[in-house]
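Trainee: The sequence and its predicted three-dimensional model are supplied below.
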Amino acid sequence: MSEEDIRNTIFAPSPELARHARIRSMEEYRRLYEESIADPERFWAREAEMITWITPYKKVWQPPTGNQDEFVGRWFVGGKLNVADNCTTRWAQRYPDATALIWVGELDTREHPENRIYTYRQLTEAVNKAANMFRSLGVRKGDRVCLWLPMIPELVIAMLACAKIGAVHSIVFGGFSADSVKDRIQDAQAKILVTVDETMRSGRPRPMKVNADEIIPQCPSIEKVIVVRRTGGQIPMNPIDAFWNDLFNPQPTECRSEVMDSEDPLFILYTSGTTGKPKGALHTCAGYLLYTMSTLKYVWDIDGLADLRGKSPDQRDIWYCTADIGWITGHSYITYGPLGFGTITMMYEGVPTWPDNDRFWDLIERYKVTHFYTAPTAIRSLMRFGTDLIERHNLSSLKMLGTVGEPINPAAWLWYYENIGKKRCPIVDTYWQTETGGYLMTPLACITPLKPGSCTFPFFGVKPVLLSEEGVPITEPNVNGYFCIERPWPGIMRTVYGQHERFVETYFTRFPGKYYTGDGATIDADGYTWIVGRLDDVIKVSGHRLGSAEIESAIVSHPDVAEAAVVPIPHEIKGQAIFAYVTLKAGVQKTPALKKAIIDHVATTHGAISRPEVIMFADALPKTRSGKIMRRILKAIATGGDIGNTTTLADETVVQMLIEAKRRLDAGEE
């Protein structure tokens, strides 16, 4: 089948899944959806019964009291709770021996397991000890704690420990550079850094603590560096350093919970933006927790201690989200959503292609995974190895599949459906962002007819609208527009940390009174939504949002570079890759060795995920008379697209120079 044929094929839902689902038909979905839009207070009040409140809230939603651009309002006004207790303590009290977390280490094999399985009692005790550890170091409600850790259990324990005592965690993806950690520590004024001696990657230890040492002198807010031993490698220890176990082990297993207001901060997660400085997306307690739980419950129809539906705790589903907790997907759908709902959540330390290319399928078989949630990038990378490796494994435990991070192309969707799901598992193609906290657009796995590549319909409480350049709603099918949301939902971020004006400017100024996602979309004649990609300067590599300005800043920091501009290009595996235009300083020779040096420099200063796929040397960049770089033109040259109008350029000859440079690059002459 061609890609177009696949896109136009509707895959019917499973009658068996629908028969036992919480929502059993599209008619029921539409009825509940209309209620969530017409009477959101009633809808979310019913959902909020899943939360254990210390003090009941007085009102579900209070509209903004000031300017319209505040949009968000306040959710569950006056309510008091503790998020960590909702994710651990309450389940430990009722189901102490029920499994909470399955951690699988990179070195785990059938013959020599490397895993840790926590019951809710064990996880609660670990969280309490870590919370006491932080308190012993002077961490109090509202203080910021930076976590730069790989995918190990201490990451989940530390983030929940912060929630227990009301500290605000800021997690940095383990693959980012120390400089990226420095920027985030400085912005948040973090008091504590938790890191690891070394991280495991494809069977080899890689340094982290020694990299952190380089930036601590530039971070005067840091009072203590806590080091988790992962490999036991030799590392230097400074006066402010201490090993996790030395501080953690003596702590008691009981801990006083901080009483938190519904709108108190829970965490800051930095996401790339269109300027050089990452945005600190701030999420708060009640609305975020409830939204992650509700999306998990309805979209995946998963079993949890919050709703066992007549099953025993041992009969619960096993949820495996392959994301890194350094990204929002790991926050929402490895930790807070699953544990808040009382689900068995699984986290794996390593990559899907080590020690063998069937790593995912082996883990699904051995741990009897029922719900598998991964990125299109991972699927495309594993497609290259054919199906022989898949056939070695029994994947019959699977009930549902899902994708996250970027739209999935129809061919990869079909391969996933046929070879992993065996044509019986629906695929949940989710669309959402760091800023949204949870799903905006998504199928309900048990009942939604699926079109490969479409994120289908809105989740409850989400009212999308497609707008023209002038802000007029687009009602015709198959017309591209700006994808916006007309009203707030509980999981939306509350502000950009320390920069509320940037929050307003980024999300609510382009189309006043609406949340602008930054994405373009189209809606077909059947009402299905198709996301067509970013309309700002953010590049999505392997589903990870990377700011153009951040990458350009890393390139320009190389001593031989005068100027740089980056644009996305299509990539068969990653979805998008980075194409960099680089202008060198006078007298510097253009050599392949210099290209490699610049790529390595970017990996070192910003992170390996930010490596440019292509570097093209350019004597000049296309700019308007006001000095603005015309990225539209750069993207067209990189991808072979239509250059369009160039009359606004200060020097139109630059375009022909770049086209010729691209020709030489493609011909291997440069």
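Mentor: Looks like it arrived, so ask away.
Trainee: just the strands in the stretch 451-600 of the chain please.
Mentor: All strands of the stretch 451-600 of the chain, identified by DSSP state E, counting those that start in this stretch, fall at 464-467, 481-485, 495-496, 515-523, 529-534, 538-541, 544-547, 561-571, 575-584.
Trainee: now the stretch 251-400 of the chain
Mentor: Under DSSP E, counting those that start in this stretch, the stretch 251-400 of the chain gives strands at 260-261, 265-271, 279-284, 318-321, 344-348, 371-374, 400-403.
Trainee: Including distance to residue 424 and mean pLDDT, could those strands go into CSV?
Mentor: Bear in mind the C-beta positions are built from the backbone N, C-alpha and C, glycine included. Output for the strands of the stretch 251-400 of the chain, formatted as CSV (distance: least, C-beta to C-beta, whole Å; pLDDT from 0 to 100):
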stretch, distance to residue 424, mean pLDDT
strand 260-261, 43, 98
strand 265-271, 35, 96
strand 279-284, 36, 96
strand 318-321, 17, 98
strand 344-348, 21, 98
strand 371-374, 13, 98
strand 400-403, 10, 98
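Trainee: circling back to that earlier point, mean pLDDT for the strands of the stretch 451-600 of the chain: which is lowest?
Mentor: Lowest mean pLDDT within the strands of the stretch 451-600 of the chain: strand 544-547, a mean of 78.
Trainee: What strands line up against that one, and which way round?
Mentor: According to DSSP bridges, strand 544-547 forms sheet pairs with strand 538-541 (antiparallel).
Trainee: tell me which residues in stretch 422-438 are buried?
Mentor: 425-438 (16 or more other C-beta atoms under 10 Å).
Trainee: Out of those residues, which comes closest to residue 299?
Mentor: Nearest to residue 299 among these, counting by C-beta to C-beta, is residue 428 at 5.9 Å.
Trainee: Which segments of this structure make up each domain?
Mentor: Following automatic domain parsing, one finds the domains of the chain at 1-536, 541-666.
Trainee: Excluding chain neighbours, give the residue nearest to residue 586 in space.
Mentor: residue 562 (7.9 Å; C-beta to C-beta, 6 or more residues apart in numbering).
Trainee: in the stretch 51-200 of the chain, which segments are predicted with low confidence?
Mentor: Low-confidence segments of the stretch 51-200 of the chain (pLDDT under 70): 66-69.
Trainee: rerun at 50
Mentor: Applying pLDDT under 50 to the stretch 51-200 of the chain flags residues 68.
Trainee: how about the helices of it, start to end?
Mentor: Counting by DSSP state H, counting those that start in this stretch, one finds helices in the stretch 51-200 of the chain at the ranges 83-84, 90-94, 120-136, 153-165, 178-188.
Trainee: Residues touching the first one, excluding its own?
Mentor: In this structure, residues lying in contact with helix 83-84 by C-beta atoms under 8 Å, 6 or more residues apart in numbering are 127, 131, 160-161, 163-164, 257, 260, 266, 285, 289, 336, 340.
Trainee: Distance to residue 403 added to the residues you listed, as JSON lines?
Mentor: Compiled in JSON lines, the contacts of helix 83-84 are given as follows (distance: C-beta to C-beta, whole Å):
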{"residue": "127", "distance to residue 403": "31"}
{"residue": "131", "distance to residue 403": "35"}
{"residue": "160", "distance to residue 403": "27"}
{"residue": "161", "distance to residue 403": "31"}
{"residue": "163", "distance to residue 403": "28"}
{"residue": "164", "distance to residue 403": "33"}
{"residue": "257", "distance to residue 403": "36"}
{"residue": "260", "distance to residue 403": "33"}
{"residue": "266", "distance to residue 403": "26"}
{"residue": "285", "distance to residue 403": "29"}
{"residue": "289", "distance to residue 403": "24"}
{"residue": "336", "distance to residue 403": "20"}
{"residue": "340", "distance to residue 403": "23"}
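Trainee: Could you give me the ChimeraX selection string for whichever of those residues are buried?
Mentor: Here is the ChimeraX command that selects only those of the contacts of helix 83-84 that count as buried (16+ other C-beta under 10 Å):
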select :127,131,160,161,163,164,257,260,266,285,289,336,340
